[in-house]
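Participant: Only the shape, not the letters, is given here:
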């Protein structure tokens, strides 16, 4: 994949978050990484979505050094970079303030797996990060946000639950590609919405039985996946 | 009805579930049966809706044997087949993860008949199935889902309440034709939505009086129906 | 106004209820009356909105006798006729199953005047009718529905609160013209929505102070109205 | 800026409130002021949005005297004028009955800063005004509404929290320009929506930590702002 293709995939993922209603104003950003070249492409800061093109995407290296600098990169760049460096299989990251995922993030409430819609994409509870310390906020706010996400996944496979809710802020979502990250962000929002309404209907609702959860997750993911028209590796 | 007509009707029912907002991503499937030939047409597995045509529908026999195999059928095929074999008058089945019907399914809460909107299409409470056992999930998940729906209708006429909520999963809805099944899925979602909000407004709300419920249901269904421009058999 | 103009106004009011999202499927009907000729035009029963034209509207007299009969009139005709005969100044009636107004009707809960949006169009609480008796349901369901609305307005001016919620069913709304009735139905739905959310936020919320309510209602209605570009009679 | 430019900016802000779903029917109005000439342009009263042009905007002076009078100005004019006279840096004011901001206004409940979406635009709680007295309602309703807003900002910088909820009525929102006021009205509605749902999920939810709130607000506002592609004064 050359840089032009990467920028095109990242631009498309950014536009997908708008088309699926996850983004209002300029709240949100998507990026992608090419693991062979170590190049990352990300949305520029504060540029309106309705006139955004692939050429506007900003390229940086995984260590944060700049490749081209027509625009400034998204102010959340350092969070994306920390996730790419810590999570090997991740090829795309999406951040939004989508309504229901943000509501759970604001309320410091993880999203349990209440149904098969959730289980088809997330193998268990979507976690909330710890609040940052005042020192972290003052000294390295954006990078510390990435670190808090990584801390929340200690001992877990980030591709089995490809999302985290940043406390008081909103969701970061990832996938093997920018397109998959955007799709996961869309599914997360719908799962958050249904979880919110389910909890109001039955406040003591427990998670889906593990056997049913894994039947759904493993039907779509991993070696034994059977869903769709092609066999997956 | 030849197979081409059946596939066209099934394709249209699948697209109707998208147009009425019941389906996001590829969550959902519709099928139809021709009772004379015993042929069933169903949505293929994991094919995007925006490029789906009648030709993509997969034909199988009521016993599950394959007629043509350009595509793999929906992974929920066996649920559809069990419903057709158990419910004589049913000509179409629709499965979605529509938001409010799925919320009730996740919360293991039946949808009571709270108003005439519900009574016009469903003569009483829409039931929730039992949770499957771990053995059922491991050995015959999709067929067991159909059996759990059939169990929930023991002693009831499935065409008087043409829907069930599968526990932790979502709604299966049916009708005399694929189009009627898609319409019933649309009405069910709106009734589920209104039931949710009604329960928050008045948690102790009881069902509609039976006389009023039946006045509405029988105005639109059965020998004495008077609604619309034609007399029904 | 000749019958052609009346049918055009009624058709437009029917279509307005669809455009403002108040109607799904064929749930709803609008009518209008010409007080000089005593003719009423109303939506036909069960005809899809997307191919409805002015010519399809059905004309009857205020006593219910048929003028033309290409189509059967709406099954709710008798409710409309009772309202026209009882409420002198009313020129149009609209019935919908709009989501939030129907939720209050299902929950048998009147809609209090919580804000100036409500007060601009409805001078006080929108009432819920009593439930009909089994004998009324069996013998004269549709006319009894109209009578229950009229009973709910004993001693009140129906043009000051131009709507009622029929218990377990949904709203009937009126105005001086079919267009005004459709507009009032739209406003009622938004007021019902905001009332529902206001009550969840503050369950003990009281009505708007009467002085503020009347300041708003009388700014838009009656002899001293000042809103808009023209003086009203 | 000449009057033609001012009217164009005000017309665009009015139309923006419709495009972002904040306004139904004719509920709402936007205005702008040119501080050099002391001229204010505002939406005319009760004119439908779908045929509104820049020429329809009504020009008045900051003291309320009329400049041109093809149309009557918005009935809320005096509220706008009081805000311009009291709040020096404000260049645009928008009033809507947007759903969730109005719900908080009806329920007399301020909107706390629960997340970074709120903090990016509003540095703290959005206040609710006191209810007006009966004398104020009778004698100077519209101007008193403005005064109640000004009272709610005693000792606070109105450009740090550019909105107030008028008790029982709805939001007034402002900014340095009409476009910024319309954008703030859009953000306020989304923050109100998320605050409502957050409170249902966690009724005892506290405000965002001040360090995090100010990190976000000051990233987008003031001398040290770093967001977007340009340095701000």
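Facilitator: Nice, thanks for sending it over. Quick caveat: nothing in here was measured; it's all calculated off a predicted structure.
Participant: Please make it C-alpha for all contacts and neighbour counts, starting now.
Facilitator: Noted.
Participant: And the residue nearest to residue A:25 when sequence neighbours are not counted, how close does it get to chain D?
Facilitator: Using Cα to Cα, 6 or more residues apart in numbering or on different chains and skipping the chain neighbours, the partner closest in space to residue A:25 is residue A:48 (7.6 Å). Separation of residue A:48 from chain D (Cα to the nearest Cα, to the nearest Å): 10 Å.
Participant: and for the helix or strand bottoming out on mean pLDDT in chain A, what are the contacting residues?
Facilitator: None of the helices or strands of chain A scores lower by mean pLDDT, DSSP states H and E than helix A:210-220, at a mean of 94. Under the contact criterion Cα atoms under 8 Å, 6 or more residues apart in numbering or on different chains, helix A:210-220 has outside partners A:113, A:115-116, A:119-124, A:224-227, B:134, B:137-138.
Participant: and those, which are buried?
Facilitator: In the contacts of helix A:210-220, burial by neighbour count holds for A:113, A:115-116, A:119-124, A:225-227, B:137, counting by 16 or more other Cα atoms under 10 Å in any protein chain shown.
Participant: give the contact list for the most centrally placed residue in chain A.
Facilitator: Centroid-nearest residue in chain A, with Cα atoms, centre = their mean: residue A:173, separated by 1.0 Å. By Cα under 8 Å, 6+ apart, the contact list for residue A:173 reads A:93-95, A:162-164, A:181-182, A:184-185.
Participant: any bit of stretch A:89-103 sitting next to chain B?
Facilitator: No - interface with chain B: stretch A:89-103 contributes nothing (Cα under 8 Å from any Cα of the partner chain), its closest point being 13.2 Å away.
Participant: what about that stretch, average pLDDT?
Facilitator: Stretch A:89-103 carries an average pLDDT of 98.
Participant: Can you name the residues of chain A that neighbour chain B?
Facilitator: So chain A meets chain B at A:114-117, A:194-195, A:197-199, A:201-202, A:205, A:208, A:211-212, A:215, A:227-229 (Cα under 8 Å from any Cα).
Participant: again, only this time at 6 Å
Facilitator: A:114-116, A:194, A:198, A:228 (Cα under 6 Å from any Cα of the partner chain).
Participant: all helices of chain A, in order?
Facilitator: Secondary structure of chain A by DSSP state H: the helices cover A:3-19, A:77-86, A:99-106, A:116-119, A:134-152, A:178-201, A:210-220.
Participant: Could you count how many residues lie near the residue nearest to residue A:34 when sequence neighbours are not counted?
Facilitator: In this structure, residue A:34 finds its nearest non-sequential neighbour in residue A:40, 6.5 Å apart by Cα to Cα, 6+ apart. Residue A:40 is flanked by 30 other residues according to other Cα atoms under 10 Å in any protein chain shown.
Participant: quick one, what contacts the residue lying closest to residue A:106 once chain neighbours are set aside?
Facilitator: Leaving aside its chain neighbours, residue A:106 sits nearest to residue A:168 (4.1 Å; criterion: Cα to Cα, 6+ apart). Neighbouring residues of residue A:168 by Cα atoms under 6 Å, 6 or more residues apart in numbering or on different chains: A:105-106, D:115.
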